[in-house]
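Enquirer: Below is the structure, and that's it, no one-letter string:
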């Protein structure tokens, strides 16, 4: 585990990051040069737009009946803003509502990813925080390449998919696993660069799209709420168009002044820290409400390792499709949200029931889910529903759109598995198979990557030894085989007004240490709000911390920032009355910190749907 580092309220601390071999990955990389800012051809600004009421508008009005109508459309943008006439145009899907009061300007948002579809996010945020509807014209959009915008196609053939080697467990760092990771990465890189669009699905091109949308709506500046990868977009926009920056809240921050690789390689330690310091201790503290996982964190870890090992044994025997590495990914995903601790516990219990009574079908069946549910006390069952858990495992028809969204995923392993199944069904070796819109394409296009697969194999092997939970998660990225030059920039936010950075101490997906490093790089243009003892990914709007929520509200609705960096307290985890301190990078024991008043642990279902979808998809 990481050694704890202490931080005073002013955050005067020497930054600690894991001992990553990042210098090898970037040593040959010259410093990035900011690309020229393109002008917007007039034909895009005067294009006809066909508006219609958004499909999600009824859900928003059900949650908040006074909400304005949100209309949707698709607008054309250049495939490559640097050369608008060189390629066919692509479309960006947008959603828009007018402020019900005097508008303070245009407010956009992004949920994360890369690749997270954000068409409904601004309206969903308004349903949770109605003052957004009254004070701002709200803009939602699906980034280019994803959602209902022109989608990236990653194209391969059934024959190439069939030729891929397999491994029973990516955590086992064997020659076979290495062979699999290299082959899968090479195939994905080839597939996602198969069309001309592949090289233009990047953050810089999306930033140009964002400023086009600002100009399209004749807004002088853009206001923005961005989560996770959305903080990367926010930072890049502010660096590209500092004079267009309004009120930017960037929440659960990537280390957006550094490379995509450095960010990806933070995930093993931050994911392990969240699991070991909050999720598993929480399960142990509720041993009287959860049957059979243990009453200490060590016992819960032993139970998890036992269940996982049995899953791998069944896969190796050829009698099961329920994988141990899939369970790791599931637990990593649910750790994004505090209220999802219950769902993560159920995931462990479901897999435990499966190992006790494997099905002839080789997959989780209804009886496994129902037995797992019965192992939770009613007080914990109140945080979820049996229908949603059944839907999660595909053992009943989806009970609702929200439940269905909770199980969607586009992790590397599920992409390959789904594509193989599609290839088998095609019954033609040369049939073209679309792997879908793989968000890693953005990472490959954004920054330079080492092109030696051996580097990544060695790093994954080292991380697997150091972080036993999910240290192997990165493996070999497809960016090792990416053929296009990165569309990079050097971020310093020169000329930008201050951005508000909000960061939980124990975030599993965007490490606190990386966020702090970016703040230190941009200290003249960012204000940093840390949340002590808090690990949820995504804080502002429905935050577990009333302190952080209030700071965000004051900034968004009045423009006022705190005079200095702040440390906030947080509220207890689900079904608890007190906050259990964690001796992490923000040390709440060394400095007296204000504790927030206890708040509701019930999350707005629309916002929870958006957060679950991102968590269950790409790792960030």
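Expert: Sure thing, it's come through. Everything quoted here is computed from the prediction, not taken from an experiment.
Enquirer: measure residue 69 to residue 147 for me?
Expert: With distances taken as C-beta to C-beta, to the nearest Å, residue 69 is found 20 Å from residue 147. To be clear about C-beta, it is placed using only N, CA and C from the backbone, and glycine gets the same treatment.
Enquirer: Looking at the two, which is more packed in?
Expert: The neighbour comparison of residue 69 against residue 147 (other C-beta atoms under 10 Å) goes to residue 147, with 20 against 14.
Enquirer: what's near enough to touch that one?
Expert: Applying C-beta atoms under 8 Å, 6 or more residues apart in numbering to residue 147 gives the contacts 93, 117, 118, 119.
Enquirer: mind listing what residue 566 touches?
Expert: With contact taken as C-beta under 8 Å, 6+ apart, residue 566 is in contact with 9, 528, 529, 530, 547, 551.
Enquirer: ok, the second one - contacts?
Expert: For residue 528, the contacting residues are 11, 501, 503, 515, 516, 519, 565, 566, taking C-beta under 8 Å, 6+ apart as the criterion.
Enquirer: In JSON lines: the residues you listed, plus secondary structure.
Expert: Shown next, in JSON lines, are those (DSSP: H, G, I helix; E, B strand; the rest coil):
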{"residue": "11", "secondary structure": "coil"}
{"residue": "501", "secondary structure": "strand"}
{"residue": "503", "secondary structure": "strand"}
{"residue": "515", "secondary structure": "helix"}
{"residue": "516", "secondary structure": "helix"}
{"residue": "519", "secondary structure": "helix"}
{"residue": "565", "secondary structure": "coil"}
{"residue": "566", "secondary structure": "strand"}
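Enquirer: What is the nearest of these to residue 451?
Expert: Of all the contacts of residue 528, residue 515 has the smallest distance to residue 451: 28.2 Å, by C-beta to C-beta.
Enquirer: circling back to that earlier point, which ones among the contacts of residue 566 are found in strands?
Expert: Within the contacts of residue 566, membership in strands is found for 528, 529, 530, as judged by DSSP state E.
Enquirer: Number of residues surrounding the last one?
Expert: Residues within reach of residue 530, counting by other C-beta under 10 Å, total 27.
Enquirer: can you check residue 524 too?
Expert: Residue 524 is flanked by 10 other residues according to other C-beta under 10 Å.
Enquirer: And for the one 10 residues further on?
Expert: When counting by other C-beta under 10 Å, one arrives at 29 neighbours for residue 534.
Enquirer: Could you point out which of the contacts of residue 566 is nearest to residue 350?
Expert: Of all those, residue 530 has the smallest distance to residue 350: 35.1 Å, by C-beta to C-beta.
Enquirer: contacts for stretch 233-242?
Expert: For stretch 233-242, contacts defined as C-beta under 8 Å, 6+ apart pick out 34, 37, 110, 143, 203-204, 206-208, 210-211, 222, 224, 226, 244-245, 248, 250, 256-257, 489, 491-497, 499, 518, 522, 525.
Enquirer: which ones among those are found in helices?
Expert: Secondary-structure check on these using DSSP state H: residues within helices are 203, 204, 206, 207, 208, 210, 211, 518.
Enquirer: quick one on the thing from earlier: pLDDT-wise, what's the bottom of the contacts of residue 566?
Expert: By predicted confidence (pLDDT), the lowest-ranked of these is residue 9, with 31.
Enquirer: Could I get the contacts of residue 147 in CSV, plus columns for pLDDT?
Expert: Compiled in CSV, the contacts of residue 147 are given as follows (pLDDT from 0 to 100):
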residue, pLDDT
93, 98
117, 94
118, 96
119, 97
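Enquirer: With secondary structure, distance to residue 581 and neighbour count added, can I get the residues you listed in a markdown table?
Expert: Listed next are the contacts of residue 147 as a markdown table, based on DSSP: H, G, I helix; E, B strand; the rest coil; distance: C-beta to C-beta, whole Å; neighbours: other C-beta atoms under 10 Å:
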| residue | secondary structure | distance to residue 581 | neighbour count |
| --- | --- | --- | --- |
| 93 | strand | 44 | 22 |
| 117 | coil | 37 | 23 |
| 118 | strand | 35 | 28 |
| 119 | coil | 39 | 26 |
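Enquirer: Identify the farthest-apart pair in those residues.
Expert: Of all pairs drawn from those, the one with the largest separation by C-beta to C-beta is 93 and 118; the distance is 9.5 Å.
Enquirer: Now do the buried residues in stretch 542-556.
Expert: Residues 542-549, 551-553, 555-556 are the ones in stretch 542-556 that count as buried (16 or more other C-beta atoms under 10 Å).
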